[in-house]
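Colleague: Quick one, structure for this:
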Amino acid sequence: MLIDKEGHMVTKAGSTDDFDMQAVSALVAGSYAATREMARLLGEEEFSVLFHQGKKDNIQLTLVGDRTILATVFDERTTIGMVRLYAKEAADKLQKIFAGIGKRHDDGSSALGKEFSESAKAHLDNFFAE
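Modeller: Prediction:
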């Protein structure tokens, strides 16, 4: 699952029918917020990886950039080493994608024009006026 730091799920993949994804997303964000404060108290800026181990299922939380968290839920059939390796690779690739999106927005090449903004505002005003 890819979750923003406010606790909203951005996207998910894999078998996730066994648990409430929205609740897990909110709790992941809360866990990261608490851990960020622990890191600060210990003189760290932030911990980039968290791991919670259960009897059957585990979850690894990997920070992606400054706004999202990659949550990987897995069971005893998968080793933590594999999860860490693939989660790091995924986080690095996602960070590059996010950086590219940020640059594209900063240079104005993907910004919507003033005409679109005015047209959209007029349509919304008309819609809500009725």
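Colleague: From Phe98, how far out is the closest residue to Leu27 other than its chain neighbours?
Modeller: Excluding its sequence neighbours, the residue lying closest to Leu27 (Cβ to Cβ, 6 or more residues apart in numbering) is Gly7, at 7.8 Å. The way it works is simple: take the backbone N, C-alpha and C, and place the C-beta from them, glycine included. For Gly7, the distance to Phe98 (Cβ to Cβ, to the nearest Å) stands at 18 Å.
Colleague: So between these two, which is more surrounded?
Modeller: Neighbour count, other Cβ atoms under 10 Å: between Gly7 and Phe98, Gly7 has more, with 18 against 15.
Colleague: ok, longest helix in the chain?
Modeller: helix 80-106 (DSSP state H).
Colleague: average pLDDT across that helix?
Modeller: Helix 80-106 carries an average pLDDT of 84.
Colleague: Mind giving me the packing neighbours of that helix?
Modeller: strand 49-53, strand 57-64, strand 68-75 (3 or more Cβ pairs under 8 Å, 6 or more residues apart in numbering; DSSP states H and E).
Colleague: Out of those, the one nearest Gly14 is which?
Modeller: Gly14 lies closest, by Cβ to Cβ, to one member of the helices and strands packed on helix 80-106: strand 68-75, at 7.8 Å.
Colleague: report the angle between the axes of the longest helix of the chain and strand 49-53?
Modeller: Counting by axes from the mean of the first three to the mean of the last three Cα atoms, to 10 degrees, helix 80-106 points 140 degrees away from the direction of strand 49-53.
Colleague: Can you list the buried residues in helix 80-106?
Modeller: Buried residues in helix 80-106, counting neighbours by 16 or more other Cβ atoms under 10 Å, are found at 83, 87, 91, 94.
Colleague: any idea how far the second one lies from Glu115?
Modeller: Computed as Cβ to Cβ, the Ala87 to Glu115 distance reads 43 Å.
Colleague: do the first one as well
Modeller: If you measure Val83 against Glu115 using Cβ to Cβ, the figure is 48 Å.
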